[in-house]
Structure formats: structure tokens, C-alpha cells
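Chemist: how does the following fold in three dimensions:
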Amino acid sequence: EFVVYSEKTLRYLAKYGKRSKIHLFYNSGMNREGVKDLKKFLELNQKYLDKISLVGFCSHLSSAEEKTVLNQAQEDKFFRGLLLLREAGYFPTWIHLGNSASALTNNNSLLTAYRPGLALYGYNPLSEEDDNNFYFSSKLQPALRVTSSVVFVQNLEANEPVSYNSSYRAREKTNIAIVPFGYFEGLDRRLSNQGEFLIHDFWAQIAGKVCMNITCLDVGQNNVRIGDRVLLISSDPSAPNSVMAIASLMNTISYEVLVKLQASIHREIVWK
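Modeler: Have a look, this model is predicted:
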């Protein structure tokens with residue numbers, strides 16, 4: 001099924017005569033993608049719409065995690081658009097406006113589907129101080145953790161640098177654990193000299209700049225060996241290496257941390 005918001009895409013799908021299933025995307029006010037003048041779109045494209053199956057009608061809220069006047073205006077416009085669609089003789093099954101935040105807060109009975117993203121990872125899109133739905137949404141549990149292994153241990157003397165551009169120098173004699181996980185795998189360079197990961201029962205800080213496929217960790221005088229496991233991302237929301245903590249260090253949002261994890265990383269599915 002295809003999300004459609006341009007005449008060109010609609011006409012391209014219609015020419016095949018296969019009655020492709022589409023979800024018509026309406027611009028309710030975010031002004032990113034979406035059909036802006038729905039009435040005109042329907043009038044100009046009736047013969048093409050008759051050659052497809054319009055099974056869905058959707059839009060996207062610009063700030064679903066907040067209570068704003070714009071949110072309400074978007075919702076009102078969206079349902080006016082749905083009415084216009086029905087008056088034109090189209091009755092889509094799937095009516096969807098909301099992402100994770102909206103799925104947790106919007107109980108409008110006209111909506112028949114949602115598009116959760118962050119919530120599927122088990123992370124809460126709502127803030128405790130902003131929404132009375134926070135208690136319910138806080139029951140979400142992070143659905144992943146990321147681990148790697150030490151592949152080498154480098155010994156440094158005091159004042160010796162490590163990694164690119166000598167941005168980190170050992171304050172004293174120390175050991176550096178080399179982990180084969182870098183910005184290619186999804187460990188952002190903004191964590192250079194900041195992030196910290198768990199090895200055994202102690203925290204090791206990133207030493208120097210995160211490299212393409214390698215990150216260096218200052219493990220001090222702790223006994224670390226090749227093959228030791230390193231917890232890069234914890235499923236504990238309160239941990240210093242949780243997705244939220246990492247996002248805070250990067251001055252970004254949890255979404256960016258999660259979507260940057262490469263598809264090539266080995267996955268193990270654990271059912272609980």
C-alpha cells in the first residue's frame with residue numbers, strides 16, 4: 001500500500017489498472033508533505049482515483065507530544081478533510097493522524113490506526129510535566145540493548161594521546177580498551193571524549209574521537225581482557241548509557257540515536 005500526496009504519483013499508479021491501494025496524505029498544517037488543497041485535488045484527479053483503491057487517509061502532527069493550539073487546528077482540519085473525502089464518495093478504512101505520542105493521548109473514535117515509531121522501541125515520547133498521560137506511557141519498557149567486545153588493550157603512559165587529532169591524553173598511566181564499534185555502526189562522533197560504557201561493573205569513558213569502526217575506552221588499571229563484553233546501550237532508562245542519556249550528550253532526541261543503529265549489526269531476539 002502506498003502513501004500518496006502528489007498528482008504525479010497518483011497518476012503513475014493509476015495507469016497500471018491494478019487498483020493499487022493508497023493512503024492519501026493530507027497537509028493538515030505541518031506544511032511538509034501532503035495535499036494542501038484537497039477539494040481541488042479530488043476534482044482534478046477523479047478519473048485517476050477511480051482506478052485505484054483509496055483505503056487510507058492520513059496526516060502528521062507537528063508537535064503531537066505537546067498540547068498546542070496548532071495540534072488542535074491540525075486535527076480539526078484533518079477531520080474536515082475526511083468529511084470532504086466522504087462527501088466525494090470515498091470511504092477509506094484506515095484513518096490515521098498520530099505517531100507514538102498521539103497514540104498515547106488521542107482517543108478520537110474516528111481514528112482507526114496509528115503510526116507508532118519511538119514507542120515500538122519502548123521509549124516514552126511524553127514528558128511528565130507536560131502530559132497527564134505520562135503515567136500510562138511510562139509503562140513502556142526499552143526493547144533493546146547494544147553490546148560489543150574488547151578486541152585489543154593498549155597501554156598508555158601519562159600524557160600519551162589516543163585516537164585522531166590527539167583530543168585525549170592520558171592523565172596517568174592507563175589502559176585503553178579497543179571496541180569495534182564506531183560511527184558507521186551508529187555511535188555518534190559527538191560522544192567523543194564524553195560517552196561512557198559499562199565493562200564488568202565499572203564505567204569506562206570514551207577516550208578520544210569516535211572512529212569509523214572503532215572506539216577507544218579508558219579503563220584505567222582495571223583488569224580488562226580481549227573478549228570482555230561492553231554494554232554500549234543499556235535497556236535501563238536511568239543508566240548513563242541509556243538511549244536518553246546518550247541523546248542528551250549529543251544534544252539531540254532519542255529517535256536519532258535509535259535510527260542510526262546500522263541494519264548490519266547482529267540482532268538477537270529475546271522474548272520475555
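
Chemist: could you pull out the strands in the protein for me?
Modeler: 2-4, 21-25, 53-58, 94-96, 146-149, 152-156, 161-162, 168-169, 174-179, 196-199, 202-206, 215-220, 229-233 (DSSP state E).

Chemist: who's in contact with the last one?
Modeler: Residues lying outside strand 229-233 but in contact with it, judged by C-beta atoms under 8 Å, 6 or more residues apart in numbering, are 144-150, 177, 179, 181, 187, 197-199, 204, 217, 241-243, 246, 257. Heads up, the C-betas are built off the backbone N, CA and C, glycines and all.

Chemist: for the helix or strand of the chain with the lowest mean pLDDT, packing partners?
Modeler: Lowest on mean pLDDT, DSSP states H and E among the helices and strands of the chain sits helix 134-137, with a mean of 76. On a contact count with 3 or more C-beta pairs under 8 Å, 6 or more residues apart in numbering; DSSP states H and E, helix 134-137 meets no helix or strand.

Chemist: what's the offset of it from the middle of its chain?
Modeler: Put simply, helix 134-137 sits 19 Å off its chain's centre (C-alpha atoms, centre = their mean, to the nearest Å).

Chemist: please pick the buried ones from the contacts of strand 229-233.
Modeler: Applying 16 or more other C-beta atoms under 10 Å to the contacts of strand 229-233, the neighbour count classes 145-148, 150, 177, 179, 181, 187, 197-199, 204, 217, 241-243, 246, 257 as buried.

Chemist: if we can go back for a sec, which one, of the strands of the chain, ends up nearest to Pro125?
Modeler: Counting by C-beta to C-beta, Pro125 lies closest to strand 94-96 out of the strands of the chain; the figure is 16.3 Å.

Chemist: helices or strands up against that closest one?
Modeler: Using 3+ C-beta pairs under 8 Å, 6+ apart, strand 94-96 sits against strand 53-58.

Chemist: and the helices in the stretch 1-150 of the chain?
Modeler: 7-14, 38-44, 46-49, 69-87, 100-105, 134-137 (DSSP state H, counting those that start in this stretch).

Chemist: now render the ones you listed as JSON lines, adding mean neighbour count and distance to His60.
Modeler: Listed next are the helices of the stretch 1-150 of the chain as JSON lines, based on neighbours: other C-beta atoms under 10 Å; distance: least, C-beta to C-beta, whole Å:
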{"stretch": "helix 7-14", "mean neighbour count": "16", "distance to His60": "17"}
{"stretch": "helix 38-44", "mean neighbour count": "15", "distance to His60": "15"}
{"stretch": "helix 46-49", "mean neighbour count": "14", "distance to His60": "21"}
{"stretch": "helix 69-87", "mean neighbour count": "16", "distance to His60": "9"}
{"stretch": "helix 100-105", "mean neighbour count": "23", "distance to His60": "9"}
{"stretch": "helix 134-137", "mean neighbour count": "15", "distance to His60": "19"}
